[in-house]
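J.: Sequence unavailable; structure follows:
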């Protein structure tokens, strides 16, 4: 007994453009390549940016013409704007790639094992790269970050709690002030600490003052992010806490804050990332020593941004390489903080 | 500041008569931040006029054009840029951006030199306000982009769909619905960028050739801003000069505070309207 062989029809995709319809597109790509080459070759556009600009001009022109030919003026405008917007968006990403590439290439040259275990106390700026390191700067940066965190996190999170939970009469004013504070240039924070504490008092530069200046910058970041996180906590949780007979204080402390824990940690990490690379406020407050100093209240203290600054100012080839190596370390630190904050922020949702 | 009065803001000279050994020189000290104030505004305006169009385009792209597969990646890259320390931008701007920036400055001068803005009296193009403005533009792109993205994403969906239903193309929809809706929010974002660009210190100091004169030729390698002035003079300043520097810091603070307050007002108004 023979079964009738079933023939399955091949799936059709009638909406797909046929090879014949794609000919203008292929021609368009060819014209773009040729036009880009011609512009770079025969006009003033040179270098990577020049090639990019010519490619943008050609792509825009060709896609506009193609769309206009087949679908009219409106479509032509649409295509022109789409390619301009896309290329400008690419332009916005371009610097990041360039920066990461440059730092990696130039920074790895200056790094060796002793770079993390020695300081610049006995090394001069012209010494070869295998003498001296940035131990003092790493230690100083970490000490200052810890102090700044200890100062600004309690203040920032209690500000956020005041704004979202207590909603007291001062909320509007405080929210406004926090917003204004987040726009303060970092140099102003350094000048403020200098004029309020150091200037004319006979006190010297030390790590504590630097940490206080950093805390001023960190506070608004922590407060704003924490406020956003607390606003996301469902109102039900608060009502449930109150319905169980808890006071407002117990509801906030035992229900709302634990529920927002990972978000609050994200806020803290973002705050740390904000201050880790700050240079200007430290120039007025820490003095920037070259020797490893573990005591934040006595004597000048180095930090990674300050070490980069010093190496830049001195201007020798060796110190320039050292600056790039230090900036690689700083960038690695900032990126670790940034990505851990993002990961935490993602798991929250 | 009280001693100099109004001339502190309008004066173009910065001269301290107190010598390093503490004796007072013959000429009286003059402190005026006029040139630096003009420099601050010029570099910040260059930054905004380059950075804001790019940011708006990037925000539109991220909201309406981007393939969903790479959206998260691109948003992450731009946010990461916001976390880069400013000294990194300075170093990169000086070493990498400067040569190509200089090239483009020459191109601008060659073809648009008849516009007074692009004219230079001496052909010296490196370390100019134009290049400092470029670096600042790159620094403000992430901030302005994220605000514009936030504002655009608040556009009511029913209005977008209504536009499409009337046969609008993507661009006509954006022009008729998204841009009018987000207008004041984007202006606010641009002003936040302006505030950041005015207060930037280290990046400008590394890139710019700081000279005390009011320089309107943006391609010429001379200029300055208030924040970089403070850093430049702080190291060897006498007690009196430090007071003058503090006054300069105060003016900078008030200026940025004003700009930021206006910006916040504009942004929060749009975001509220959308919800």
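T.: Yep, that arrived. The shown structure was predicted, so the numbers you read here are calculated from the model rather than taken from an experiment.
J.: Give me the buried positions along stretch B:161-175.
T.: B:163, B:168, B:169, B:170, B:171, B:172, B:173, B:174 (16 or more other Cβ atoms under 10 Å in any protein chain shown). Every C-beta, even on glycine, is put in place using the N, C-alpha and C of the backbone.
J.: Confirm the second one sits in a strand?
T.: No: when the secondary structure is assigned by DSSP: H, G, I helix; E, B strand; the rest coil, residue B:168 falls in coil instead of a strand.
J.: now it, nearest residue through space, not along the chain?
T.: residue B:176 (6.6 Å; Cβ to Cβ, 6 or more residues apart in numbering or on different chains).
J.: Residue B:110: neighbouring residues, count only.
T.: A count of neighbours around residue B:110, defined by other Cβ atoms under 10 Å in any protein chain shown, yields 10.
J.: Phi, psi for it please.
T.: Residue B:110 adopts backbone torsions of phi -70, psi -40, taken as degrees, to the nearest 10.
J.: Thought residue A:154 was touching residue A:226, still the case?
T.: No: counting by Cβ atoms under 8 Å, residue A:226 does not reach residue A:154; the two are 11.1 Å apart.
J.: farthest pair in the buried residues of stretch B:161-175?
T.: Greatest spatial distance in those: B:163 and B:171, 10.7 Å, computed using Cβ to Cβ.
J.: which one of residue A:226 and residue A:154 has more residues nearby?
T.: Legend: neighbour count by other Cβ under 10 Å for residue A:226 and residue A:154, higher for residue A:226 (28 against 11).
J.: if we can go back for a sec, list residues touching both of residue B:163 and residue B:171?
T.: Residues within reach of residue B:163 and of residue B:171 at once, by Cβ atoms under 8 Å, 6 or more residues apart in numbering or on different chains: there are none.
J.: Please list all residues in contact with residue B:47.
T.: Contacts of residue B:47 by Cβ under 8 Å, 6+ apart are B:133, B:134, B:136, B:137, B:139, B:140, B:193, B:194, B:197.
J.: what distance separates the helix or strand harbouring residue B:44 from the centre of its chain?
T.: Assigned by DSSP states H and E, residue B:44 falls within helix B:34-60. The chain centroid and the centroid of helix B:34-60 are separated by 4 Å under Cα atoms, centre = their mean, to the nearest Å.
J.: Now the element after it, going C-ward?
T.: Taking DSSP H and E, what comes next after helix B:34-60 is helix B:68-83.
J.: Pull the number of nearby residues for residue B:188.
T.: 26.
J.: wait, I meant residue B:233
T.: 18.
J.: I figured it was touching residue B:241, is that so?
T.: Yes: Residue B:233 is in contact with residue B:241 according to Cβ under 8 Å; the separation is 6.5 Å.
J.: Flag the shaky bits of the chain, pLDDT-wise.
T.: Here I'm looking at chain A. Scanning chain A for pLDDT under 70 picks out A:1-4, A:43-47, A:121-126, A:129-130, A:200, A:346-349.
J.: Sorry, I should have been clearer: chain B.
T.: B:1-30, B:113-124, B:212-219, B:221-222, B:235-238, B:270-275.
J.: let's see it at 80
T.: In the predicted model, chain B carries pLDDT under 80 at residues B:1-36, B:99-128, B:201, B:208-244, B:264, B:267-275.
J.: Going along the chain, name the helices of it.
T.: B:7-10, B:34-60, B:68-83, B:86-92, B:98-112, B:129-153, B:157-165, B:170-173, B:179-199, B:202-207, B:226-234, B:239-274 (DSSP state H).
J.: deepest of the ones you listed, which one?
T.: With neighbours taken as mean count of other Cβ atoms under 10 Å in any protein chain shown, the helices of chain B reach their highest mean count in helix B:202-207, at a mean of 29.
J.: Give me the spatial nearest neighbour of the closest residue to chain A within the stretch 101-250 of chain B, chain neighbours excluded.
T.: The minimum distance from the stretch 101-250 of chain B to chain A, using Cβ to the nearest Cβ, falls at residue B:199 (2.4 Å). Among residues not flanking residue B:199 along the chain, residue A:185 sits closest, at 2.4 Å (Cβ to Cβ, 6+ apart).
J.: Touching, the one you found and residue B:197? I think so.
T.: No: using Cβ under 8 Å, residue A:185 is not in contact with residue B:197; the gap is 9.9 Å.
J.: re the thing from before, may I ask which two of the contacts of residue B:47 are separated the most?
T.: Spatial extent of those (Cβ to Cβ) is set by the pair B:134 and B:194 at 15.5 Å.
J.: next one: the longest helix that chain A contains to chain centre, how far?
T.: Under DSSP H, the helix in chain A containing the largest number of residues is helix A:73-109. Here the centre of helix A:73-109 is set off from its chain's centre by 17 Å, with Cα atoms, centre = their mean.
J.: Equivalent analysis for stretch B:31-44, please.
T.: 13 Å.
J.: near chain A, anything from it?
T.: No: judged by Cβ under 8 Å from any Cβ of the partner chain, stretch B:31-44 makes no contact with chain A; its nearest approach is 10.5 Å.
J.: Now do the contacts for the closest residue to chain B within the stretch 201-349 of chain A.
T.: Among the residues of the stretch 201-349 of chain A, residue A:277 lies closest to chain B, at 2.1 Å counting by Cβ to the nearest Cβ. Counting by Cβ under 8 Å, 6+ apart, residue A:277 touches A:304, A:305, A:330, A:334, B:84, B:85, B:86, B:87, B:88.
J.: Quick one: neighbours of the third one, just the number.
T.: For residue A:330, the neighbour count with other Cβ under 10 Å is 28.
J.: That one against residue A:307, yeah?
T.: No: Residue A:330 lies out of contact with residue A:307 (Cβ under 8 Å); the separation is 9.2 Å.
J.: Per the annotation, how does chain A divide into domains?
T.: Using automatic domain parsing, the domain parsing of chain A gives A:19-109, A:135-348.
J.: Packing partners of the next helix or strand along the chain from the longest helix of chain A?
T.: Sequence order places helix A:135-161 as the next helix or strand after helix A:73-109, per DSSP H and E. Applying 3 or more Cβ pairs under 8 Å, 6 or more residues apart in numbering or on different chains; DSSP states H and E, one finds that helix A:135-161 contacts helix A:207-232, helix A:261-276, helix A:304-314, helix A:317-348.
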